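Peer 1: here's a sequence, model it:
(one chain, ligands or ions: 2)
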Amino acid sequence: MKNAQPHTIYLKDYQAPDYLIDRTELLFDLKPNATLVTSRLLVRRNPDAVKDDEAGLPALWLDGIDLELLSIAVDGALLPAQRFREEAGGLSLTVDKPEFLLEIQTRIAPESNTSLEGLYLSNGMYCTQCEAEGFRKITFYPDRPDVMSVFTTTIVAPATYPVLLSNGNKVDSGTTEDGRLRVTWEDPFAKPSYLFALVAGDLQYVEDTFTTCSGRNVKLQLFTEARNIGKCAHAMTSLKRSMRWDEEVYGREYDLDIFMIVAVDHFNMGAMENKGLNIFNSACVLASPETATDTAFQRIEAIVAHEYFHNWSGNRVTCRDWFQLSLKEGFTVFRDAEFSADMNSRAVKRIEDVTLLRTAQFAEDAGPMSHPVRPDSYMEISNFYTLTIYEKGAEVVRMIHTILGAEAFRRGSDLYFERHDGCAVTCEDFVVAMEDANNADLKQFRRWYDQAGTPVLDVQDEYDAENATYTLTFHQHTPATPGQEEKLPLHIPVAVGLLGANGDALALDESDSKEKVFHLTEATQSFTLHGINERPLPSLLRGFSAPVKLRFDYSNTQLLFLMQHDTDAFNRWDACQRLALRTLEQLQTQYRAGDVLESPTALIDGFSAVLGHTELDPALVAKMLTLPSAQEMAEQGSEIDAEAIVAAREFVRSTIAGALKSRFLTRYHALDERKAYQPTAEDIAQRSLKNTCLAYLCNTGDEDALTLAQAQFERGENMTDVSAALAALVEYGAEGVAEERLASFYQQWQHDTQVVESWFGMQSSSASFGSLGRVRQLLSHPAFELKNPNKVRAVIGGFAMRNFKQFHREDGSGYEFLADQVIALDGLNPQIASRLVTPLTRWKKYRAREAEQIQGALKRIADSGELSPDLYEVVSKSLT
Ligand code: 0A1
Ligand code: ZN
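Peer 2: Residues are numbered from 1 along each chain as shown. Ligands and ions are numbered 1, 2, ... in the order given. Here you go, the predicted structure:
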């Protein structure tokens, strides 16, 4: 297995930078294959650097990759060759002065940059992506987040690029002697290089204004290609809501006079929070009712908010080093989740986040790439933009919020922002601010930051009727993870409520409170409640108060009771999930034993009752009626038997569909109101339940049901309803019908990139339609582009990550296919290749046959030639 230089970086080796850059002036002369970048850096010896008294001044290290060095000058004089050395990954300079002006000219080729890091072209438009280490592909620079500098950027480009943008405020513009355009931007806030951005293109924009809490007017602009200008309204509304929310909930006011968003089609992630100039993946910002589903509308609202919130949690206060990534990401995900909960249904937002955590983060935490929220080593930082850093990191912040309470948390965040404004800090600084502002002790809680793995919480209860006491005993245990054999007990906040026999919430103490948070700090710990006059049914870990696997021996009847009566909406849903998972597990066992599969009667009763609850939020009902995904089922058991998972799930779905057909139909018709599309929480909830019913109806295969879907598809009222109907027809209709509908849909929408992306995804992720043969056909479809991450995620990701049935075909062809794609992609875009390989990393959890096939596919990738550092890290860790 080859890689140019596998190299591990450790947190314990962190050292403050030797030099600081007080000012950074950049000049870009844009040409697709020969862009000239001139940088003028005011360099100063860092007074806080670790000093070696013996040797004078240390060399200045500048990171740089794929750059053609043209010249270097110090204080106006060319630097002689013996004073600098180009090495792999950068440039080392010896300048015997503690302060100097460094001028460097380099040449780069954006046109051939397919990694989408640094400066690249997307549909002829120049754009940048610098986080985490992309700036070093633009010019030689100390590309690390603890070097913060004030940037001035001048862009020169032909008149065919009328829009020239960078961070901060526009301070100058004009034309060069040869008729090219020139614009200068200045960002008054010192920032690390990863927040630098540049955009140049023929773009249109929509504009609005926002008046901040102190009365300043901020110009808001959203840039996109002309064809998409009608798709900007929702993002703009979301931005204004986010700005207001951050003022109201965190007291954070926006600081520049302008805030810009640009939509680009080729982007590795969702979006990027560059100071004053956010760059977005088009799919995460552009929407109209005709082209985008409710899910897309909500995703856009959340991502716009996330990037905007980074202006404080990330930009004004940034990370000292990349081991601290969760400092900005965990906190910002927590902030955006609370924002979405305030804008929509709180319970449903929580359910969605917990589902993601349980399905994918728990799997990551139990696999070869398992790492703590604050990792202590990495090979390639791009591999650490993970669910653990983001989602588990957000859970850790949420637990601090739960432990301290909302007001104390706000005092802590105020102190954090005030104390560290303009600085690059650590997760520890965040926790200390929370403690200092509240005189709190989070000593043991800190273990959440450096201990990997998902804790398992076993719970037992005991009721003593004579003394009217109820005791809950908790035992916590975190399984070993790579490199961390021993685990210590964590501080786990467990929110608990008790239900009486008639379904009422019982009082837990004299003050009549109906919910309590128990603070677990030991491996085994009991809590006794007094004055409990009947044997209660516990509702545990309400709202998912900690990211753990909770085990309590509920009977089916008790779960059905919680589904009906729990006042905690999240736990109502969770009871339903537990019942479904248990049922599915039993059926897997029956399937493996070759037994006749038993009808899931308890689950049918539960679903029937839920469907009858017309006063419950329809979005919550839709979530309750949604079975755990095959991926989540795989995460549950000790050994993955893909075939049994698929068989059990298909059996439960179709049995429920058949048994509750008339209930689904009644509910469908009652919810099928014709009204103008609005992405409001209420309407979204209604459509989600309606379309859940439609999918079950079509699952019966009945002609009537498919006709209903066909009619909904043809009405074409909004993309949510159209794509739900199409997906149902593709999954459950006859193959010819599916083909015909897909063709007419493509015919209608081929001009719309976002719709085409979801059209790809719908096919490749369909268990019945998305065979490997179809997926191969999609790869040669004219609209497919291996260089476009969204298309890759839709077709290849849709197949490998969302099409459990076809991907795990017995002959192992799915694994071989994925290996081929990963190898092909690694040469183009290492970040995407290393993310795409994820489904192969958990081979040890599969039955022997699949495990061998998957391991074989991984080995083939390992032996395919020189791997990028990104892919090398994931593949080598997975094979050990
Ligand atoms: N900071 C961004 C995520 C991001 C990270 C890396 C990227 O390129 C490799 C791009 C975006 C966020 O959290 O939104
Ligand atoms: Zn982020």
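
Peer 1: I figured residue 76 hits residue 100, correct?
Peer 2: No. Residue 76 is beyond contact range of residue 100, at 9.9 Å (criterion: Cβ atoms under 8 Å). The C-beta positions use only the backbone N, C-alpha and C, and glycine is treated the same way.

Peer 1: so for these two, which residue has more residues nearby?
Peer 2: More crowded of residue 76 and residue 100, by other Cβ atoms under 10 Å: residue 100, with 19 against 8.

Peer 1: bridging residues for the more buried one?
Peer 2: Residues in a beta bridge with residue 100, per DSSP bridges, are residue 43.

Peer 1: just residue 141 next, same as before
Peer 2: residue 63.

Peer 1: where does the stretch 751-880 of the chain dip in pLDDT?
Peer 2: For the stretch 751-880 of the chain, no stretch has pLDDT under 70.

Peer 1: tell me the SS of the residue of it found nearest ligand 1?
Peer 2: Closest to ligand 1 within the stretch 751-880 of the chain is residue 831: 5.8 Å, counting by Cβ to the nearest ligand atom. Following DSSP: H, G, I helix; E, B strand; the rest coil, the label given to residue 831 is helix.

Peer 1: residues near it, how many?
Peer 2: With other Cβ under 10 Å as criterion, residue 831 counts 23.

Peer 1: I'd guessed it sits against residue 870; true?
Peer 2: Yes. Between residue 831 and residue 870 a contact is recorded at 5.8 Å, counting by Cβ under 8 Å.

Peer 1: got any residues that touch both of these two?
Peer 2: Contact criterion Cβ atoms under 8 Å, 6 or more residues apart in numbering; residues shared by residue 831 and residue 870: residue 382.

Peer 1: the stretch 651-800 of the chain: helices as residue ranges?
Peer 2: Remark: helices assigned in the stretch 651-800 of the chain by DSSP state H, counting those that start in this stretch are 661-671, 681-699, 703-715, 719-732, 735-749, 753-764, 772-779, 789-792, 798-802.

Peer 1: list the buried residues for the first one?
Peer 2: Buried residues in helix 661-671, counting neighbours by 16 or more other Cβ atoms under 10 Å, are found at 661, 663, 664, 665, 667, 668, 671.

Peer 1: which residues does the fifth one contact?
Peer 2: Residues near residue 667 by Cβ under 8 Å, 6+ apart: 611, 689, 690, 693.

Peer 1: could you work out the most separated pair of the residues you listed?
Peer 2: Among the contacts of residue 667, the pair separated by the greatest distance (Cβ to Cβ) is 611 and 690, at 12.4 Å.

Peer 1: for stretch 287-295, measure first residue to last.
Peer 2: End-to-end distance of stretch 287-295 (Cα to Cα, to the nearest Å): 11 Å.

Peer 1: contact partners of that stretch?
Peer 2: So stretch 287-295 is contacted by 230-231, 233-235, 286, 296-297, 300, 677, 679, 684, 687-688, 718-720, 723-724, 749, 752, 754-755, 758 (Cβ under 8 Å, 6+ apart).

Peer 1: ok, 6 Å please
Peer 2: The contact list for stretch 287-295 (Cβ atoms under 6 Å, 6 or more residues apart in numbering) reads 230-231, 234, 296-297, 300, 677, 684, 687, 718-720, 723, 752, 755.

Peer 1: check stretch 323-337 too.
Peer 2: Applying Cβ under 6 Å, 6+ apart, the external contacts of stretch 323-337 come out as 11, 302, 305-306, 309-310, 313-314, 319, 353, 373-375, 389-390, 393-394, 396-398, 426-427, 430.

Peer 1: list buried members of those residues by neighbour count.
Peer 2: 11, 302, 305-306, 309-310, 313-314, 319, 353, 373-375, 389-390, 393-394, 396-398, 426-427, 430.

Peer 1: which of those fall within helices?
Peer 2: Using DSSP state H, the members of the buried ones among the contacts of stretch 323-337 that fall within helices are 302, 305, 306, 309, 353, 393, 394, 396, 397, 398, 427, 430.

Peer 1: pull the most distant pair out of these.
Peer 2: The widest separation within these (Cβ to Cβ) is 23.1 Å, between 302 and 427.

Peer 1: give me the contacts around stretch 149-156.
Peer 2: Contact partners of stretch 149-156, identified using Cβ under 6 Å, 6+ apart, comprise 21, 23-29, 164, 166, 180, 182-187, 190.

Peer 1: related to what we said a few turns ago, restrict the contacts of residue 667 to those near ligand 1?
Peer 2: Checked against ligand 1 using Cβ under 6 Å from any ligand atom, the contacts of residue 667 give no members in range.

Peer 1: now the closest residue to ligand 2 within the stretch 751-880 of the chain: how far from residue 269?
Peer 2: Going by Cβ to the ion, ligand 2 is nearest to residue 831 of the stretch 751-880 of the chain, at 15.5 Å. Using Cβ to Cβ, to the nearest Å, residue 831 is found at 8 Å from residue 269.

Peer 1: who wins for proximity to residue 170 among the helices of the stretch 651-800 of the chain?
Peer 2: It is, among the helices of the stretch 651-800 of the chain and with distance given as Cβ to Cβ, helix 753-764, at 29.1 Å.
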